[in-house]
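Trainee: For reference, the sequence and a predicted model appear below.
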Amino acid sequence: MDRSSISPRKSGKSREAFRTISEVAESLDLPQHVLRFWESKFSQIKPLKRGGNRRYYRPDDVTLLTAVKKLLHSDGYTIRGVQKLFKAQGVRATIVLALDEPGTESLAIGVDNEQRVAELPESTISAAGEEQAACSPSKPALKNLLVQLIAIRDRLN
């Protein structure tokens, strides 16, 4: 799916506008029940719920869902693996790694990914510490982790 299919102009909404579950599901090319399921598995995904339990996703929720989709569907992580990444690296770092790899197209709506990640609310980031799980990372994810560990080691020395 390309960016033009979810542009603010086409949807008639600004980049900061909340999105319904149907809009987000369509933009991510996922069924709505998958988004509801991910809400139950990732405490960081917290759409606003209005009357009749209608879900409204904030722009940061869409960014997070985009990263989760890429990690699960493209990078080969399991749900527990993504939960473990959120706990080990933090939500912001995981989103940046997931969405800023070369050749990766963000499905997020119109704002550059680093800016979106920087604007994630602290509650989204702190909720990552509550996740407990096992990890089954892919080869690129392991390479990224190795690079990070080497950089940390170099800073400590």
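Mentor: Received it, and whenever you're ready, just let me know what you need.
Trainee: tell me the helices in the protein, going along the chain?
Mentor: 8-11, 21-28, 32-41, 59-69, 79-89, 91-99, 113-118, 122-126, 139-156 (DSSP state H).
Trainee: Reformat those into CSV and put mean neighbour count, mean pLDDT and distance to residue 47 next to each item.
Mentor: For glycine as for every other residue, the C-beta is placed from the backbone atoms N, C-alpha and C. Shown next, in CSV, are the helices of the chain (neighbours: other C-beta atoms under 10 Å; pLDDT from 0 to 100; distance: least, C-beta to C-beta, whole Å):
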stretch, mean neighbour count, mean pLDDT, distance to residue 47
helix 8-11, 12, 51, 17
helix 21-28, 18, 93, 7
helix 32-41, 15, 94, 7
helix 59-69, 24, 93, 6
helix 79-89, 20, 90, 17
helix 91-99, 23, 86, 16
helix 113-118, 16, 50, 16
helix 122-126, 14, 49, 12
helix 139-156, 11, 77, 27
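Trainee: Rebuild the ones you listed as TSV, extending it with distance to residue 48.
Mentor: As requested, the helices of the chain are arranged in TSV below (distance: least, C-beta to C-beta, whole Å):
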stretch	distance to residue 48
helix 8-11	18
helix 21-28	11
helix 32-41	12
helix 59-69	9
helix 79-89	21
helix 91-99	18
helix 113-118	17
helix 122-126	13
helix 139-156	31
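Trainee: Residue 51 is nearest to which of the ones you listed?
Mentor: Among the helices of the chain, the nearest to residue 51 by C-beta to C-beta is helix 21-28 (14.4 Å).
Trainee: tell me the angle of the closest one relative to helix 59-69?
Mentor: Going by axes from the mean of the first three to the mean of the last three C-alpha atoms, to 10 degrees, helix 21-28 is angled at 50 degrees with respect to helix 59-69.
Trainee: looking at the helices of the chain, which is closest to residue 52?
Mentor: Closest among those, using C-beta to C-beta: helix 21-28, at 12.1 Å.
Trainee: And the closest one, what does it pack against?
Mentor: helix 32-41, strand 54-57, helix 59-69 (3 or more C-beta pairs under 8 Å, 6 or more residues apart in numbering; DSSP states H and E).
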